[in-house]
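[1] need a structure here:
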Amino acid sequence: MSFLVRGVRVALALILMVSASMAQAAADPIDRSALARAVCSDGAGLARGAEDVVRSAATASADDLAFSGSILRALLDRRLACVGDTSVLLDRPGGSEGRDAATGATQSAAGARSPVLGLRQRGLVETGAGVVALLTGASTAQRSAGLATLERRAAAVPEADTILERARAAETDAVLRAAIVQAMQAAALNAPEPARRRAAIGAIADAPSSAARSRLASLRTDPAYAADPAFKAALDAGIARVERAVTIGDGLALSYNALSFASILFMAAVGLAIIFGLMGVINLAQGELIMVGAYAAYGVQEAFRMVAPGLIDLYLVAAIPVAFLASAGVGIVVEALILRHLYRRPLMSLLATWAVSLFLINLVRVVFGSQNLQFGMPSYVSGGVPLYADFIVTWNRLFAIAFAAVTLAATLLILKRTPLGLDIRAVTQNRDMAGALGIRTRRVDRLAFGFGSGLAGLAGVALCPIYSVNPGMGATFIVDSFMVVVLGGVGTVVGTVVAALGIGGANVLIEPFYGAVAAKVIVLVGIIVFLQRRPEGLFVARRRR
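    All right, here's what the predicted structure looks like:
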């Protein structure tokens with residue numbers, strides 16, 4: 001029994017020793033002192049030092065990689081000087097003081113020389129710095145730049161597969177991890193083993209995109225495509241799968257963009273539909289009320305930046321009531337001072353609202369200037385998530401779609417379930433009868449004008465993460481808004497929704513083929529032809545006469 005126990009102990013000891021030696025071999029540490037001396041030797045020594053960093057990168061520790069990266073980056077930035085065979089990392093290019101690269105001790109650089117990088121040495125140093133940045137970069141941008149460097153020089157890095165696998169396993173950013181996987185697949189496409197190349201084709205086809213389609217299509221000129229039937233069959237099948245997926249993804253992207261544009265059109269037009277349907281006033285200042293809402297959102301952002309910078313991400317939510325009240329206030333003032341005198345004179349009200357639009361544009365230009373406003377994008381409207389092929393769900397457009405849906409629900413609730421909504425519907429159907437029943441029609445007009453103007457302000461908030469905000473932004477939407485109102489039917493919210501979806505979808509679908517201007521012309525001609533057959537629009541508001 002004792003003999004058996006001793007045998008087990010010896011076996012365990014041997015296993016531990018082998019494991020330790022394997023771990024030590026796997027660690028493959030970088031000789032820091034040798035690297036520090038190599039960069040201050042001749043060109044051949046500098047090249048060997050950079051090659052050693054690349055060769056060891058797949059298994060070296062993070063500390064060793066960080067040390068190597070600091071030296072290689074200092075070489076590229078001209079912040080490394082040589083005092084004899086001692087490397088000194090300077091505080092700044094051309095500085096006279098720094099620290100010893102190997103020991104970290106303060107070191108004078110008086111009389112030091114700068115290493116000379118030839119074309120070969122610079123290429124190796126850039127490759128080593130890129131590999132280190134990919135594996136140890138503190139930010140996603142640094143790691144992405146390192147990946148780009150490695151992709152450019154993958155042919156000169158025999159360990160590229162292992163390095164990319166290590167980077168993929170450690171990467172936390174989903175987009176960059178997908179890019180690393182694509183780089184691994186691209187490297188496998190050039191492998192000498194046919195089975196590995198076919199597997200890489202299948203893996204690329206499993207993650208379809210336009211880039212994947214181009215990468216696979218380029219292999220049709222490869223000699224193996226003509227010589228190897230299995231390779232040809234795998235490549236043709238992979239390209240067919242990718243093209244089918246890209247087509248579906250492009251269709252989804254067009255639909256998504258059309259829905260987001262339609263959401264903006266609905267928010268820009270719904271207030272106009274209420275005002276036009278109730279009072280018969282063609283409000284040419286509706287686009288400028290959108291601008292007022294956007295500038296109110298900018299004011300809220302600046303207030304957060306000064307008072308509560310830690311909560312700056314919340315400014316877009318806080319801007320919603322502020323923009324509504326600001327635009328509604330402007331609308332009520334315009335109605336009270338100008339429009340209430342012109343209800344029986346539609347041409348004069350048209351000219352008056354045009355004058356108001358010019359006044360608001362020039363007032364904003366005087367106060368804020370003509371340049372585009374700079375908005376900080378909160379995290380919940382920045383970026384997006386890849387969904388299928390090239391289709392990416394961007395958060396800013398999803399915010400606009402969700403915001404429009406909430407605005408639609410709130411508008412219908414106010415019109416259907418509140419006393420103000422009941423009064424608006426009564427006055428819209430028969431103004432004289434509503435007045436005879438005791439409804440103060442002038443007060444209803446003023447509140448409805450303010451409500452419609454406030455809805456335009458909400459459209460300005462939805463536009464902030466997507467479009468440029470400047471004094472002339474309202475002119476971009478006023479024509480489309482009127483087309484939506486006329487096509488949907490004057491005074492109907494449901495008609496406004498349907499018309500916005502139709503016009504927005506048509507613009508986005510036609511634009512890739514004929515351009516933005518031609519798309520608007522085609523849509524306008526289509527609306528004119530439709531209104532010739534149905535002048536009242538898609539939906540007719542109920543009226544009593």
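
[2] any low-confidence regions in the stretch 201-350 of the chain?
    Counting by pLDDT under 70, the low-confidence segments of the stretch 201-350 of the chain come to 278.

[3] residue boundaries of the helices in it?
    210-217, 223-227, 229-279, 286-307, 315-337, 346-368 (DSSP state H, counting those that start in this stretch).

[4] how about those helices in JSON lines, adding mean neighbour count and distance to Ala34?
    For the C-beta atoms, the positions are set from N, CA and C on the backbone; glycine is no exception. What follows is the helices of the stretch 201-350 of the chain, written out as JSON lines (neighbours: other Cβ atoms under 10 Å; distance: least, Cβ to Cβ, whole Å):
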{"stretch": "helix 210-217", "mean neighbour count": "18", "distance to Ala34": "39"}
{"stretch": "helix 223-227", "mean neighbour count": "11", "distance to Ala34": "42"}
{"stretch": "helix 229-279", "mean neighbour count": "21", "distance to Ala34": "44"}
{"stretch": "helix 286-307", "mean neighbour count": "22", "distance to Ala34": "51"}
{"stretch": "helix 315-337", "mean neighbour count": "21", "distance to Ala34": "54"}
{"stretch": "helix 346-368", "mean neighbour count": "16", "distance to Ala34": "61"}
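
[5] right, and the ones you listed - which one's nearest Arg533?
    Nearest of those to Arg533, taken as Cβ to Cβ: helix 229-279 at 21.2 Å.

[6] who's in contact with Arg153?
    Arg153 sits next to 123, 126-127, 130 when contact means Cβ atoms under 8 Å, 6 or more residues apart in numbering.

[7] restricted to helices, list the residues you listed.
    123, 126-127, 130 (DSSP state H).

[8] any chance of these in JSON lines, plus distance to Asp42?
    Shown next, in JSON lines, are the ones in helices among the contacts of Arg153 (distance: Cβ to Cβ, whole Å):
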{"residue": "Gly123", "distance to Asp42": "17"}
{"residue": "Glu126", "distance to Asp42": "19"}
{"residue": "Thr127", "distance to Asp42": "19"}
{"residue": "Gly130", "distance to Asp42": "24"}
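
[9] out of the residues you listed, who's the most crowded?
    Gly130 (26 neighbours; other Cβ atoms under 10 Å).

[10] check which helix or strand covers the closest residue to that one other than its chain neighbours.
    Excluding its sequence neighbours, the residue lying closest to Gly130 (Cβ to Cβ, 6 or more residues apart in numbering) is Thr149, at 2.7 Å. Assigned by DSSP states H and E, Thr149 belongs to helix 140-152.

[11] please save the CA atoms from the next helix-or-strand element following that helix in CSV.
    On the C-terminal side of helix 140-152, the nearest following helix or strand under DSSP H and E is helix 160-170. C-alpha atoms of helix 160-170 as CSV (Å, rounded to 0.1, in the frame of the first residue of the first chain):
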residue,chain,number,x,y,z
ALA,A,160,-2.2,36.0,-37.1
ASP,A,161,-4.7,33.3,-36.6
THR,A,162,-3.7,32.8,-33.0
ILE,A,163,-3.5,36.5,-32.3
LEU,A,164,-7.0,37.1,-33.7
GLU,A,165,-8.4,34.2,-31.7
ARG,A,166,-7.0,35.6,-28.5
ALA,A,167,-8.4,39.1,-29.4
ARG,A,168,-11.8,37.6,-30.2
ALA,A,169,-11.9,35.7,-26.9
ALA,A,170,-11.1,38.9,-24.9
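
[12] what angle do helix 140-152 and helix 160-170 make with each other?
    Here helix 160-170 runs at an angle of 160 degrees relative to helix 140-152 (axes from the mean of the first three to the mean of the last three Cα atoms, to 10 degrees).

[13] mind giving me the packing neighbours of helix 160-170?
    helix 119-136, helix 140-152, helix 174-189 (3 or more Cβ pairs under 8 Å, 6 or more residues apart in numbering; DSSP states H and E).

[14] did I read that right, Ala138 in a strand?
    No: under DSSP: H, G, I helix; E, B strand; the rest coil, Ala138 sits outside any strand and is assigned coil.

[15] state the pLDDT value of it.
    In this model, Ala138 is scored at 86, pLDDT.

[16] ok, Pro309 - contacts?
    Contacts of Pro309 by Cβ under 8 Å, 6+ apart: none found.

[17] could you check how far it is from Val525?
    51 Å (Cβ to Cβ, to the nearest Å).

[18] what does Pro512 give?
    For Pro512, the distance to Val525 equals 19 Å [Cβ to Cβ].

[19] and the contacts of Arg153 as CSV, adding pLDDT and distance to Ala34?
    Listed next are these as CSV, based on pLDDT from 0 to 100; distance: Cβ to Cβ, whole Å:
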residue, pLDDT, distance to Ala34
Gly123, 86, 21
Glu126, 88, 21
Thr127, 88, 19
Gly130, 88, 21
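
[20] closest to Val484 out of the residues you listed?
    Among the contacts of Arg153, Gly130 lies closest to Val484 (Cβ to Cβ), at 51.5 Å.

[21] so which helix or strand of this structure has the lowest pLDDT on average?
    helix 2-27 (a mean of 42; mean pLDDT, DSSP states H and E).

[22] next, the buried residues of the helix or strand following that helix.
    On the C-terminal side of helix 2-27, the closest following helix or strand by DSSP H and E is helix 32-38. Neighbour-count burial for helix 32-38 flags 32, 35-38 (criterion: 16 or more other Cβ atoms under 10 Å).

[23] one more: stretch 441-461?
    Applying 16+ other Cβ under 10 Å to stretch 441-461 flags 441, 444-461 as buried.

[24] then stretch 518-526?
    Here stretch 518-526 shows 519-520, 522-523, 526 as buried, counting by 16+ other Cβ under 10 Å.

[25] redo those as JSON lines? Include distance to Ala167.
    JSON lines is the format used below for the buried residues of stretch 518-526 (distance: Cβ to Cβ, whole Å):
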{"residue": "Ala519", "distance to Ala167": "43"}
{"residue": "Lys520", "distance to Ala167": "47"}
{"residue": "Ile522", "distance to Ala167": "49"}
{"residue": "Val523", "distance to Ala167": "48"}
{"residue": "Gly526", "distance to Ala167": "52"}
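
[26] among those residues, which are in helices?
    Per DSSP H, helices hold the following members of the buried residues of stretch 518-526: 519-520, 522-523, 526.

[27] where's the dip in pLDDT among those?
    Of all those, Lys520 carries the smallest pLDDT score, 82.
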